[in-house]
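1. Need coordinates for the following:
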Amino acid sequence: MTRVLPWLYLCLAFGFIYLPVGALVLFSFQDGSLPVPPFNGPSLKWYGAVLADRGLMAAMLNSLVVAVGSSAVACALGFLAAYGLARHALPASGLLRAALIAPMTVSYLIVGLGLLIVFGRLGIGLSLWSAGIGHVVINLPLCFALIYAAMGGQQVNAERAARDLGAGEWRVLALVTVPMLAPAILAAFFLAMTFSWDEFIIAFLLTRFDVTLPVEIWSLLRSGLSPKTNAVGSLVFVISVILVLGLEVFVFRRRRQ
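-> Down below sits the predicted model:
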């Protein structure tokens with residue numbers, strides 16, 4: 001009995017987590033016009049409708065561009081901040097670390113409204129650029145925290161050895177520090193990309209004509225439920241899973257080895 005209970009609890013937990021996703025994916029293959037029981041199918045016509053929808057494909061490309069660009073910038077800034085605070089004795093460094101991590105506790109709605117006010121005062125128009133800036137703001141603390149936590153004494157010793165051999169600061173940074181922290185940097189990049197890919201609130205507030213995929217899905221839902229929205233959601237889920245699996249295979253597994 002003691003062996004059965006943990007497995008039962010595990011099955012119930014995974015069922016609770018993945019049952020909504022399973023229903024979403026199942027009814028994306030619905031042959032009818034509504035994603036509700038009874039199930040009629042399977043059919044791929046709604047996936048064909050999604051792939052033929054230029055608006056959805058453009059929104060998906062916009063999401064990919066914003067996710068990759070904002071994650072790269074957030075990782076670069078997070079790495080530089082982590083390196084500066086970890087390798088140099090700065091006044092009030094603890095307060096600086098807290099200030100960098102604090103935005104993780106702020107609601108995306110508050111961040112988006114604040115950026116909307118700032119952009120309005122500066123005369124910056126709403127676009128994919130402004131959404132990308134918003135995603136950098138919310139992902140920078142995450143990237144900083146992950147990279148800063150990976151900076152240990154072994155990197156310090158290797159950097160000192162490189163300096164003793166005549167390498168300058170930039171060569172030490174490029175040839176020693178970055179390669180040694182590559183797993184943490186890639187982990188931060190993939191996680192930031194996953195969060196940016198699925199983010200809705202900031203993208204909704206800071207875009208106007210060129211929108212990301214979550215905003216386009218919200219527009220579809222305003223006209224009612226359809227297997228087409230299920231198909232779009234399934235594609236988003238599959239892409240997110242691929243990103244997470246890539247993170248596991250190419251970063252975490254290599255780091256353990």
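2. quick one: V241 and A13, what's the gap?
-> Note on V241: its distance to A13, by Cβ to Cβ, to the nearest Å, is 18 Å. C-beta here means a position set from N, CA and C on the backbone, and glycine is covered the same way.
3. for stretch 80-97, what is the average pLDDT?
-> What stretch 80-97 shows for mean pLDDT is 81.
4. neighbouring contacts of that stretch?
-> L100, L140, F144, I147, Y148, M151, V156, E159, L173, T177 (Cβ atoms under 8 Å, 6 or more residues apart in numbering).
5. Identify each buried residue in it, please.
-> Within stretch 80-97, the residues that qualify as buried are A81, A82, Y83, L85, A86, R97, counting by 16 or more other Cβ atoms under 10 Å.
6. Can you name the two of these that sit furthest apart?
-> The span of those, defined through Cβ to Cβ, is set by Y83 and R97 at 12.8 Å.
7. moving C-terminal of whichever strand or helix holds F195, what's the next helix or strand?
-> Here F195, judged by DSSP states H and E, is contained in helix 182-198. Following helix 182-198 in sequence order, the next helix or strand is helix 201-206 (DSSP H and E).
8. Output the contacting helices and strands for that following helix.
-> Using 3 or more Cβ pairs under 8 Å, 6 or more residues apart in numbering; DSSP states H and E, the elements in contact with helix 201-206 are helix 108-122, helix 128-150, helix 213-221.
9. Tell me which of the ones you listed is the most buried.
-> Comparing the helices and strands packed on helix 201-206 by mean neighbour count (mean count of other Cβ atoms under 10 Å), helix 128-150 ranks first with a mean of 22.
10. on that earlier part again, reformat the helices and strands packed on helix 201-206 into a markdown table and put distance to P20 and mean pLDDT next to each item.
-> Shown next, in a markdown table, are those (distance: least, Cβ to Cβ, whole Å; pLDDT from 0 to 100):
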| stretch | distance to P20 | mean pLDDT |
| --- | --- | --- |
| helix 108-122 | 21 | 90 |
| helix 128-150 | 24 | 91 |
| helix 213-221 | 15 | 83 |
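11. quick one: which of these is nearest M60?
-> For the helices and strands packed on helix 201-206, proximity to M60 was assessed by Cβ to Cβ; helix 213-221 is nearest, at 5.0 Å.
12. any idea of the mean pLDDT in the helix or strand just after that closest one?
-> Sequence-wise, the next helix or strand downstream of helix 213-221 (DSSP H and E) is helix 227-247. Summarised as a single mean, pLDDT over helix 227-247 is 78.
13. Now do helix 227-247 and helix 182-198, the angle between them.
-> Orientation check (axes from the mean of the first three to the mean of the last three Cα atoms, to 10 degrees): helix 227-247 against helix 182-198 gives 170 degrees.
14. tell me the angle helix 227-247 makes with helix 213-221.
-> Using the same axes, to 10 degrees: helix 227-247 against helix 213-221 is 160 degrees.
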